[in-house]
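[1] need a structure here:
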Amino acid sequence: MVLENFNATALGVQMGGSAIIGAVIGYAAKKVAKIIAIIVGLELILFKFLETQGFLVINWGKLGGAFEGLANDAPGQAQSLVNTFVSTAGIGAGFAAGFFLGFKRA
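    Residues are numbered from 1 along each chain as shown. Prediction:
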């Protein structure tokens, strides 16, 4: 029977530890994402300013197309991440819960 070797304490320690690690990583990920968003926004403002001053000629369509490619790849990457969490059930569940909690609290 599968439950003969079940150790609830070990599972609790694994899930608790991974939840704490997930919360820390989620918190840090949100902070880093905010910083990156600010940098990208400032860069686009700078590009637009330099374009209006005549220093740059920017192909905005091509620039937007580059970001579309990244957006198209994101669902596949997310599915791969979900598959990894599912394959490591206890640790993955604790990490995912902690990650989302940390991401929400940031």
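[2] all helices in the chain, in order from the N-terminus.
    Along the chain, counting by DSSP state H, helices occupy 8-52, 60-87, 89-105.
[3] packing partners for the longest one?
    In terms of contacts (3 or more Cβ pairs under 8 Å, 6 or more residues apart in numbering; DSSP states H and E), helix 8-52 is packed against helix 89-105. The C-beta positions use only the backbone N, C-alpha and C, and glycine is treated the same way.
[4] So for this protein, the centremost residue is which one?
    The chain has Ala29 as the residue nearest its centroid, 6.2 Å off, counting by Cα atoms, centre = their mean.
[5] Is it correct that that residue is in contact with Lys104?
    No: Ala29 is beyond contact range of Lys104, at 11.4 Å (criterion: Cβ atoms under 8 Å).
[6] ok, back up a step: quick check: pLDDT value at the residue nearest to the centre of the chain.
    For Ala29, the pLDDT comes out at 86.
[7] do the same with the one 3 residues further on
    With respect to pLDDT, Val32 scores 90.
[8] and Ala66, how many residues sit next to it?
    By other Cβ atoms under 10 Å, the residues close to Ala66 number 8.
[9] before we move on, back to that, now the residue nearest to the centre of the chain: closest residue in space, sequence neighbours ignored.
    For Ala29, ignoring the flanking residues on the chain, the nearest one in space by Cβ to Cβ, 6 or more residues apart in numbering is Phe103 at 6.2 Å.
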